[in-house]
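Trainee: Provide a 3D model corresponding to the input given below.
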Amino acid sequence: MTHLLVSVCAAIASGAACAAPPSPYSVGMMNWLEQPITSSVDRAAFIQCCTSSSLPTVAGGWIIQEAAGVVQGSALYTDLDAYLTAVDGAGLHVSLNYGDDDWTTASGHDTASVSDNVQNLLAYLTQCPVTLSTNIGSGGTPTIDINLDVEPKGAATASDWVAMATAVRGLITTHNASSPNVHATLSGFINTNLLDELDTGNLLPQAWQQFDSLIVMAYRNLPCFTAQCTGTDSMPCADGFALAGSTLAAATPAGKHCAIALELGLDVGSCNKISFGTTGIYDHPGSSDPTAYRTGFLRTAMQQGWNLMTPAEQSKFHPHGAYIMHSYQWFSCFRDGLQPTGGGACQPAGPCNDPTACIPTLSTHLGDVNGDGTVDDADLELLESMLGTCTADIDRDGTIDVFDLLELIDRWGTCP
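Mentor: Below is the predicted model:
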């Protein structure tokens, strides 16, 4: 240890400046509930949630709203007018979504079905009377994004999915050339299975030709879930957000953006593997303030993943939603403890309500550089290897200096 102390002290005594503090990232949110469109009371509650300064905040962020279900004709156009007026006026960047998580090549769940629903959304935008001030595209053109959450199942392949996206891009192009009141862009929400198929099949370049933005659901490996939530040692695992982020950023063309969606659901399958809604995080048994614990856990996980990406990689992420909360009904529970109309109860259920499962761990302790729960020689060695990087800035003051070493020594031992 003496050699390490001398080596580290010699290297940082001069107070090397951290190249730059981590770039800020923005947070967005998906919403599958239609009540904020159809009910003025629920719309007001939705806007309050979206504009709250409570952390993590989605104020000014990217809001993806399921809308195809209410735009099957012109009867509810006025409701959507009121919704867009409210979200745009609140400084939120909105997408109108169509989703089919059981998309196949069969009638009713095929390309024709997707095209019909997108056409309905575009027909609304063609005549949309809302004066937009936040949702403005290039050249000052009023623009609303169309978002597809279309997940191939059964016989449908990644190639089929790309062909579907190509057809939808054709509809967007035709729409924008027709002098509509509101132009459109196109984004897509994809799961990790589809991303893998696109990547291994060399189809990502074709997919990117159709989309302006792509969002992928990514999972933070805390701990490493090679089995169903077993063990608490996260050291052998790559950071899930950083890994997904680097992979996405590497394939994202100039002028386009990627994003990572995070699962907050309290009743999803394999909850302890994929969701921040697992009992061990949502209702931490050892915390006197579960809300502060879970929101702090989420924010720290996001920041750690973000810090591990390079500035070039960070620049590829969507400016209004690098991280996308999935979704409103769970985000409202997770952060505010409020159950939205139409949403599930604010308590873990099903696979998420498993008090016997392990509690995912996350290093929030200054000095625990490697995140193993103990401040020891291994942290000192890792600190030495990281000198000159922002990761070595333990006290997060923007400078790598002797105070970072003192923070490590002061906390030597097992983390509380």
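
Trainee: what about the helices in the stretch 301-416 of the chain?
Mentor: Taking DSSP state H, counting those that start in this stretch, the helices of the stretch 301-416 of the chain run over residues 311-314, 328-331, 377-385, 402-410.

Trainee: Tell me how many other residues crowd Val114.
Mentor: 23 (other Cβ atoms under 10 Å). To be clear about C-beta, it is placed using only N, CA and C from the backbone, and glycine gets the same treatment.

Trainee: Could you number the chain from 50 rather than 1 from now on?
Mentor: New numbering, starting at 50: the last item is Val163.

Trainee: tell me which element it falls in.
Mentor: Assigned by DSSP states H and E, Val163 falls within helix 160-176.

Trainee: mean confidence for that helix?
Mentor: Mean pLDDT, computed over helix 160-176, is 97.

Trainee: What is the next helix or strand after that helix packed up against?
Mentor: On the C-terminal side of helix 160-176, the nearest following helix or strand under DSSP H and E is strand 192-201. With contacts defined as 3 or more Cβ pairs under 8 Å, 6 or more residues apart in numbering; DSSP states H and E, the packing partners of strand 192-201 are strand 142-152, helix 160-176, helix 207-225, strand 232-239.

Trainee: Tell me which of these lies nearest to Cys320.
Mentor: Shortest distance between Cys320 and the helices and strands packed on strand 192-201, using Cβ to Cβ, is found for strand 142-152: 17.5 Å.

Trainee: Listing partners with orientation, what would you give for that closest one?
Mentor: Using DSSP bridges, the strands paired with strand 142-152 are strand 111-115 (parallel), strand 192-201 (parallel).

Trainee: Export those to CSV and append columns for mean neighbour count, mean pLDDT and distance to Gly77.
Mentor: Converted to CSV, those look like this (neighbours: other Cβ atoms under 10 Å; pLDDT from 0 to 100; distance: least, Cβ to Cβ, whole Å):
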stretch, mean neighbour count, mean pLDDT, distance to Gly77
strand 111-115, 26, 99, 3
strand 192-201, 23, 97, 11
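
Trainee: residue contacts, Ser369?
Mentor: Quick fix: residue 369 is His, not Ser. Contact analysis of His369 by Cβ atoms under 8 Å, 6 or more residues apart in numbering lists Ser75, Gly77, Gly109, Gly110, Trp111, His142.

Trainee: before we move on, the earlier item: need the least confident one among the helices of the stretch 350-465 of the chain, by mean pLDDT.
Mentor: helix 426-434 (a mean of 60).

Trainee: Gln176 contacts Ser227, doesn't it?
Mentor: No: at 11.3 Å, Gln176 does not count as touching Ser227 under the criterion of Cβ atoms under 8 Å.

Trainee: Tell me the buried residues in stretch 289-303?
Mentor: For stretch 289-303, the buried set under the neighbour-count rule, 16 or more other Cβ atoms under 10 Å, comprises Gly289, Phe290, Ala291, Leu292, Ala293, Gly294, Ser295, Thr296, Leu297, Ala298, Ala300, Thr301.

Trainee: Kindly apply the preceding question to stretch 88-108 instead.
Mentor: For stretch 88-108, the neighbour count (16+ other Cβ under 10 Å) marks Ser88, Asp91, Arg92, Ala94, Phe95, Ile96, Cys98, Cys99, Thr100, Pro105, Val107, Ala108 as buried.

Trainee: ok, now stretch 310-324?
Mentor: For stretch 310-324, burial by neighbour count (16+ other Cβ under 10 Å) applies to 310-317, 320-324.

Trainee: before we move on, back to that, possible to save the strands paired with strand 142-152 as JSON lines with distance to Ala161?
Mentor: Converted to JSON lines, the strands paired with strand 142-152 look like this (distance: least, Cβ to Cβ, whole Å):
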{"stretch": "strand 111-115", "distance to Ala161": "20"}
{"stretch": "strand 192-201", "distance to Ala161": "13"}
